[in-house]
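Undergrad: Dropping a prediction and its sequence here:
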Amino acid sequence: MFGYVTIDQLELKFKDYYKYRAYYCGLCHALKEQHGQLSRITVGYDMTFLAVLLDGLYDSETVRKEFRCPLHPFVKRVRVANEFLDYASSMGLFLAWLKCEDDWKDEHKLHSRIYGGLIHGKVRRIEELYPERTARIRKHMEDLAVLETEKSDDFEQAAGCFGRVTEEIFAYRDDQWQPLLRRMGFYLGKFIYLLDAFLDLKEDRQKDLYNPLMAISGREDFQETIYNILMLMISEAAASFERLPIDENMDILRNILYSGVWMQYRKEVSDEGSL
């Protein structure tokens, strides 16, 4: 996705930071083991959050392994391995491929075309593993692409399309917790989409690119309006999260939902005149 669903490291205990890092490293290894070396480029915070969330909610066999990272060869690290990281790796790679398709269609980015071609075979396997889910995700992304092509200023509708994408990804199992996971994923996805649009506004204006917030960006109360909308979206996501019977990782998850997701926003608004 976009990398906004991350920890606020300064507010996290050391033990929780190292635990979170074990999930992040676990996702990187899951990508390699499930989809090959090239897929590791897509490792990110958003899918790490999903794996931490699902592991806290469901019981599963989780293995902790020591390893040496090529980027940090002198100190042994610990990684987590389980079914949730395997699932998150597949969903992350599938989204990355859709993003490559979109970038090529919209801006003819050559690197997106090349990378999309390299991982295409892996993505076909993901579609075979999750045919209905990937079909629904693709449909929601196509709906979003139509709105973007039409340069729609209905930012609620556009954000809703992406919210339905993350809703599908969060609905890991067909069980009693699926409605809450879907609702959480939907509002978190809307938050991510609108935050990304807000952060990209200045650059999109300079490059004359589509941005769903462009139509209201000239309002005097624009920044306050966006903050209130973002707060509403993340509050709805957090309300569903708090109703889930999570036994593990609660401090990490709350750190992300109540602080980490706001880090890029706080950085942007502290830069006077950024918009």
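TA: Happy to help now that I have it.

Undergrad: Tell me where the chain has strands.
TA: 63-69, 72-81 (DSSP state E).

Undergrad: Pairing partners for the longest one, with directions?
TA: Spelled out, that is strand 72-81. strand 63-69 (antiparallel) (DSSP bridges).

Undergrad: Name the residues of the partner strand that come out as buried.
TA: Neighbour counts using 16 or more other Cβ atoms under 10 Å place no residue of strand 63-69 among the buried ones. (Glycine included, C-beta is placed from N, CA and C.)

Undergrad: same question, stretch 78-94
TA: 79-94.

Undergrad: Leaving aside the residues adjacent along the chain, what's closest to D204?
TA: Counting by Cβ to Cβ, 6 or more residues apart in numbering, D204 lies nearest to N211, which is 4.1 Å off, once chain neighbours are set aside.

Undergrad: My guess is the one you found contacts L199. True?
TA: No: using Cβ atoms under 8 Å, N211 is not in contact with L199, being 10.2 Å away.

Undergrad: So between the two, which is more surrounded?
TA: N211 (22 against 18; other Cβ atoms under 10 Å).

Undergrad: Tell me who's in contact with the more buried one.
TA: 197, 200-201, 204-205, 217 (Cβ atoms under 8 Å, 6 or more residues apart in numbering).

Undergrad: Helices of the chain, residue ranges please.
TA: 14-35, 45-57, 83-107, 110-129, 131-149, 155-170, 178-207, 222-242, 250-258, 263-270 (DSSP state H).

Undergrad: Quickly compare the ones you listed and say which is most buried.
TA: helix 45-57 (a mean of 24; mean count of other Cβ atoms under 10 Å).

Undergrad: quick one: average pLDDT of stretch 44-55?
TA: For stretch 44-55, mean pLDDT rounds to 97.

Undergrad: For the residue nearest to D204, give its distance to D103.
TA: N211 sits 16 Å away from D103, going by Cβ to Cβ, to the nearest Å.

Undergrad: and if you look at I256?
TA: Applying Cβ to Cβ to I256 and D103 gives a distance of 27 Å.

Undergrad: of the strands of the chain, which approaches L50 most closely?
TA: strand 72-81 (13.3 Å; Cβ to Cβ).

Undergrad: how far is the closest one from where the chain is centred?
TA: Strand 72-81 sits 24 Å away from the centroid of its parent chain (Cα atoms, centre = their mean, to the nearest Å).

Undergrad: relative to helix 45-57, how tilted is it?
TA: 50 degrees (axes from the mean of the first three to the mean of the last three Cα atoms, to 10 degrees).

Undergrad: what does strand 72-81 contact?
TA: 18, 21-23, 25-26, 28-30, 55, 62-69.

Undergrad: Now distance to D8 too, for the helices of the chain, in a markdown table please.
TA: Formatted as a markdown table, the helices of the chain follow (distance: least, Cβ to Cβ, whole Å):
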| stretch | distance to D8 |
| --- | --- |
| helix 14-35 | 10 |
| helix 45-57 | 12 |
| helix 83-107 | 21 |
| helix 110-129 | 30 |
| helix 131-149 | 29 |
| helix 155-170 | 21 |
| helix 178-207 | 15 |
| helix 222-242 | 14 |
| helix 250-258 | 6 |
| helix 263-270 | 6 |
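
Undergrad: Out of those, which gets nearest to V5?
TA: helix 45-57 (4.6 Å).

Undergrad: That closest one - contacts with which helices or strands?
TA: Contacts defined by 3 or more Cβ pairs under 8 Å, 6 or more residues apart in numbering; DSSP states H and E place helix 45-57 against helix 14-35, helix 83-107, helix 155-170, helix 250-258.

Undergrad: Could you dump those helices into CSV and include mean pLDDT and distance to I114?
TA: Below are these laid out as CSV (pLDDT from 0 to 100; distance: least, Cβ to Cβ, whole Å):
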stretch, mean pLDDT, distance to I114
helix 14-35, 96, 17
helix 83-107, 89, 9
helix 155-170, 97, 24
helix 250-258, 97, 32
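
Undergrad: and those helices as JSON lines, adding distance to Y193?
TA: JSON lines is the format used below for these (distance: least, Cβ to Cβ, whole Å):
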{"stretch": "helix 14-35", "distance to Y193": "22"}
{"stretch": "helix 83-107", "distance to Y193": "13"}
{"stretch": "helix 155-170", "distance to Y193": "4"}
{"stretch": "helix 250-258", "distance to Y193": "17"}
